[in-house]
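Q: Model the following, please.
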Amino acid sequence: MNNIIKRLSVHTADFAVLYIKLHNYHWHVEGLDFKPVHEMIESYYDNMSDFYDAVAERILQLNEKAPSSMKEYLAITGIEEETDKSFKTADALKKILGDFEYIAKEIKVTQIEAADSNDVATDGILSGIIEYLDKEIWMLKSALK
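A: Numbering: from 1, shown residues only. Predicted coordinates for the structure are as follows:
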């Protein structure tokens with residue numbers, strides 16, 4: 001179970017950093033398709049907020065403490081911060097796609113470990129996140145063709 005909690009802590013950090021990163025894209029994306037992309041990114045960060053909370057609360061349910069500071073997040077996240085402040089819509093979507101693919105890959109590893117450990121609740125939470133990310137990855141790939 002300790003490895004599952006460590007992995008959930010990393011996922012918590014990943015969702016926190018991605019939430020902020022998505023706001024950067026939301027605010028600074030530019031192009032003819034600004035409005036639909038701006039709104040799409042808003043839906044992404046709304047979902048990341050929900051996932052962030054669900055994963056952190058699962059850590060608490062397992063009687064551990066969830067990471068809860070930017071310092072902690074930046075020390076363990078696999079998501080790279082974005083410091084640019086101007087993005088063409090396709091470029092922002094490509095970067096989001098890369099982050100979604102990374103998180104989906106990592107969460108699938110944790111989900112399998114949770115299933116193998118008979119941790120039904122963690123398995124269920126992560127399965128829902130995977131379902132969402134897999135669909136959005138497919139949609140982003142289709143949009144970027």
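Q: Point out where this protein drops to low pLDDT.
A: Across the chain, the ranges flagged by pLDDT under 70 are 1.
Q: In the protein, mark out all the strands, start to finish.
A: In the chain, the segments counted as strands under DSSP state E are 29-30, 87-88.
Q: TSV please, covering those and showing mean neighbour count and distance to residue 106.
A: C-betas here are computed from N, CA, C, even on glycine. Rendered in TSV, the data for the strands of the chain read as follows (neighbours: other Cβ atoms under 10 Å; distance: least, Cβ to Cβ, whole Å):
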stretch	mean neighbour count	distance to residue 106
strand 29-30	18	25
strand 87-88	19	24
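Q: Would you mind putting these into JSON lines with distance to residue 46 alongside?
A: Output for these, formatted as JSON lines (distance: least, Cβ to Cβ, whole Å):
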{"stretch": "strand 29-30", "distance to residue 46": "16"}
{"stretch": "strand 87-88", "distance to residue 46": "19"}
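Q: Give me the neighbour count for the residue lying closest to residue 61 once chain neighbours are set aside.
A: Spatial nearest neighbour of residue 61, excluding adjacent residues (Cβ to Cβ, 6 or more residues apart in numbering): residue 121 at 7.0 Å. Neighbours of residue 121 under the rule other Cβ atoms under 10 Å: 11.
Q: okay but residue 121 is in contact with residue 57, surely?
A: No - taking Cβ atoms under 8 Å as the definition, residue 121 is not a contact partner of residue 57, at 10.4 Å.
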